[in-house]
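Participant: just the structure for this:
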Amino acid sequence: MLPPTFAFGILNLPMLGWLAAAAAPVLIHLFSRRKYRQTTWAAMEYLIAALKRQNRRMQFEQLLLLIIRTLLVVLIVAAVAEPYIQRIGFARSTAGRTHRVLVIDGSFSMAYKPTDTSRFDRAKQLAEKIVEESRQGDAFTLLLSCAPPEVVVGTPSLRQSEIVEEIDRLRRTDATADLPATVTKVLQIVRNARREHPGIGSHEVYFLTDLQRVGWQPELSPTAMSEFRSQSEALAKAAAVVVVDLGQPDVENLAVTDLRTLEPVATPAADVQLEATLELFARRPREKQAVELLVDGRRVARRQVDLEPGAGADTVVGFSYRFETPGDHAIEVRAEGDSLSVDNRRFLSVPVRQSLRVLCIDGRPSGEPFGGASNYLVFALSPQGDRAAQSLVEADLATESALSERDLGRYDCVFLCEVAQFTAGEVRLMDAYLQSGGNLVFFLGETVLPERYNRELCGGSTGPHLLPARLGEVVSPAMVFIDPTEYRHPIVRAFRGREKAGLSTTPIFKYFRLTVPKDSAAKVAVQTTAGDPLIVEEKIRRGRVVLVGTSADTRWTPAPLWPSFVPLVQEILAFCAGGESKQRNVAVGEPLVASVSAPAADAKVTMQGPDGHGRTVTLQPDGDYAMLNYADTANSGIYTARFGSPADWSESFAVNVDTAESDLRQLTLDELRSDVWSGVPFLHQTTWRNLQHQATSGAIARTGRLPVDILYVALALLFLETYLAWRFGYHTT
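Facilitator: Got it, this is the predicted structure:
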């Protein structure tokens with residue numbers, strides 16, 4: 001461990017000229033000394049001994065007063081000159097080489113433009129200045145602070161021109177900052193440099209940042225916070241830490257924080273309702289803010305809204321649009337008008353479906369009309385007389401053998417009605433189907449073997465996790481009804497305010513008692529009035545699984561005859577199919593994932609990002625499917641994956657910023673010292689100044705208490721001088 005050192009300097013150096021005034025007490029003393037004339041007197045020899053003793057005492061007293069008065073002048077001049085002492089935190093040799101770690105904040109708040117130059121460009125300019133004004137022989141490493149942090153130059157480089165080129169090539173991301181991960185990376189770089197380059201005498205770390213709160217005041221668990229502070233203290237011991245603050249106080253910003261469709265499935269047959277949410281981070285309201293809707297790059301609507309500032313004062317803007325053709329469509333809402341444009345745009349990828357393909361597996365088929373386990377279900381999916389529903393859903397009815405005979409990837413959802421049990425091969429196929437983004441809906445009944453379901457589908461030692469709940473005993477209550485649990489879940493939300501549909505009056509005669517495991521992500525959508533879960537759903541793999549504890553026919557419940565059955569089944573299908581839209585819309589930094597069937601695994605795939613450049617992507621085999629996993633989503637916008645032959649189709653994705661960083665409030669220096677880096681020594685600057693020259697340039701942060709302490713000492717000496725002058729003046733001889 002290297003011991004700390006202290007830097008000392010003077011802020012008002014010209015004031016030291018007044019130290020000449022310290023000579024005044026000496027001059028006055030010398031001028032006022034009394035000159036004596038010697039006269040011979042016979043009795044004088046008797047007094048000589050006593051006078052010598054008294055003179056020595058008087059000379060001591062006068063010398064003491066002279067020293068105090070002179071020191072008073074010196075202290076007052078020194079206090080006015082404002083000296084400072086700063087703890088550097090490491091022993092630095094000015095003679096050796098210096099390793100400087102340049103950490104440039106690459107989060108999207110750095111795109112803010114207080115002038116013609118953004119914060120990020122200003123950070124790059126200062127970083128280049130640090131390199132150019134450093135001595136020959138100094139080494140540099142470079143890191144972009146974002147989530148996750150990106151090490152650009154990880155080994156100390158002596159080539160200043162190459163570092164400047166790397167800085168110039170840096171591109172900001174649309175991610176948020178991640179201070180804990182950045183500190184970990186920087187500490188690793190410094191430790192490696194100290195171990196591998198022992199000739200380097202000192203290390204300095206420069207954080208060029210706007211100190212935006214989300215990135216610099218992380219919300220961590222107690223364990224993670226303890227680790228973060230430990231890493232920060234270790235970094236401060238290994239290197240000098242400098243924060244170059246590029247932020248501005250009281251900054252206003254407008255952000256589009258959300259964009260969504262109100263319908264889970266979009267079709268060309270009906271208008272799609274869109275809602276955008278705007279939030280104003282400011283002190284004053286904003287009137288007549290223009291908000292535009294763009295579809296596939298073409299502006300189709302424009303609104304003007306009044307915005308109120310403050311938390312909870314969100315403004316929702318509604319649009320309606322009918323898509324003319326099926327396929328993927330790119331939606332954008334834009335609200336221009338401030339100095340940070342990144343979060344003024346929000347994107348949405350909407351897959352418009354001509355129809356939904358559904359496979360219904362009947363575990364108890366029958367030749368009689370509505371005699372099988374899934375006949376009522378097929379009717380509910382495509383009810384006779386409802387042309388819109390019939391055209392939207394294509395339902396195929398098949399027996400259990402279809403699970404292994406058909407390509408499940410062709411279907412948006414598979415309904416399994418009263419299937420007694422599943423073979424190991426069928427379980428594997430269903431698992432792969434969920435991995436590819438498919439959806440499963442289980443309806444139970446008399447022929448179901450619960451012990452086989454629990455063993456094969458509940459994630460035990462013999463099978464994967466494919467069910468959101470375990471099956472218990474069959475319950476036959478005297479009379480229970482459906483409890484929609486206040487219509488909180490999306491499956492039953494459409495029934496809110498429509499009690500005449502009869503959902504809450506639907507009786508249930510028999511059902512399996514379902515048990516949701518502890519710490520499970522499964523959610524209960526509907527329960528019985530006895531409090532038992534009846535419909536449970538969970539996101540499993542990349543798909544959705546819904547488990548219904550009763551039958552899809554009239555053997556266990558008259559629900560198929562109730563008016564609520566058709567809309568309930570269609571809401572279950574819409575909930576499952578709507579998951580595809582969620583997979584197409586992700587946050588910055590999250591991967592883009594898609595699947596194709598195994599025959600198309602050799603297709604050439606090109607991913608086109610918001611910058612317009614295409615990048616070749618290799619599909620990864622995954623069982624019966626091939627997976628696209630594209631992780632380079634550092635910027636917001638629309639991404640399009642184009643699959644070549646034999647697939648020949650494209651999929652669009654929308655990547656959006658985390659608008660938590662849209663609140664540009666800055667972390668104050670006091671908060672940084674007390675809350676984030678408590679006990680961690682660092683320097684705070686608003687521009688770069690070389691640490692080697694800060695003692696004369698005044699760049700080191702001064703300790704404001706030192707001049708005040710000097711004045712207190714001077715005041716104490718003044719009282720002491722007054723007392724001693726009084727005391728010495730009343731001596732008797």
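Participant: chain center to stretch 637-646: distance?
Facilitator: 28 Å (Cα atoms, centre = their mean, to the nearest Å).
Participant: export that stretch as CSV, just CAs?
Facilitator: Taking Å, rounded to 0.1, in the frame of the first residue of the first chain, the C-alpha atoms of stretch 637-646 are listed here in CSV:
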residue,chain,number,x,y,z
GLY,A,637,-33.9,2.5,-33.5
ILE,A,638,-35.3,-0.1,-35.9
TYR,A,639,-33.2,-3.2,-36.7
THR,A,640,-34.2,-5.5,-39.6
ALA,A,641,-33.0,-9.1,-40.0
ARG,A,642,-33.1,-10.3,-43.6
PHE,A,643,-33.1,-14.0,-44.1
GLY,A,644,-31.8,-15.2,-47.5
SER,A,645,-32.7,-18.4,-49.3
PRO,A,646,-34.2,-20.8,-48.5
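Participant: so what touches it?
Facilitator: 328, 330, 332, 347, 349, 592, 594, 596, 599-600, 602-610, 614, 617, 628, 630, 633, 649-655 (Cβ atoms under 8 Å, 6 or more residues apart in numbering). (Each C-beta comes from the backbone N, C-alpha and C, glycine too.)
Participant: and if you look at stretch 118-128?
Facilitator: 102, 104-106, 109-113, 117, 142, 164, 167-168, 170, 172, 206, 208-210, 244, 246-247, 687-688.
Participant: now it: how far from the chain's centre is it?
Facilitator: That offset, for stretch 118-128, works out to 22 Å (Cα atoms, centre = their mean).
Participant: for it, what is the average pLDDT?
Facilitator: The average of the pLDDT scores along stretch 118-128 is 96.
Participant: so Pro591 sits against Met627, correct?
Facilitator: No - look at Pro591 against Met627 with Cβ atoms under 8 Å: they stay out of range, at 10.3 Å.
Participant: quick check on the contacts of stretch 118-128: which are buried?
Facilitator: Buried residues within the contacts of stretch 118-128, counting neighbours by 16 or more other Cβ atoms under 10 Å: 102, 104-106, 109-112, 142, 164, 167, 170, 172, 206, 208-210, 244, 246-247, 688.
Participant: mind listing which of the residues you listed are in helices?
Facilitator: Among the buried ones among the contacts of stretch 118-128, DSSP state H puts 164, 167 in helices.
Participant: contacts only, for Thr98.
Facilitator: 134-135, 138-139, 200-204, 692 are the contacts of Thr98 under Cβ under 8 Å, 6+ apart.
Participant: that one bridge partners, please.
Facilitator: Note on Thr98: beta-bridge partners Ser202, judged by DSSP bridges.
Participant: hmm, Phe512 is touching Gly472, no?
Facilitator: Yes - between Phe512 and Gly472 there is a contact under Cβ under 8 Å: 6.3 Å.
Participant: which residues do the two both contact?
Facilitator: Joint contacts of Phe512 and Gly472 (Cβ under 8 Å, 6+ apart) are Pro450.
Participant: tell me which of the two has more neighbours.
Facilitator: Phe512 (26 against 15; other Cβ atoms under 10 Å).
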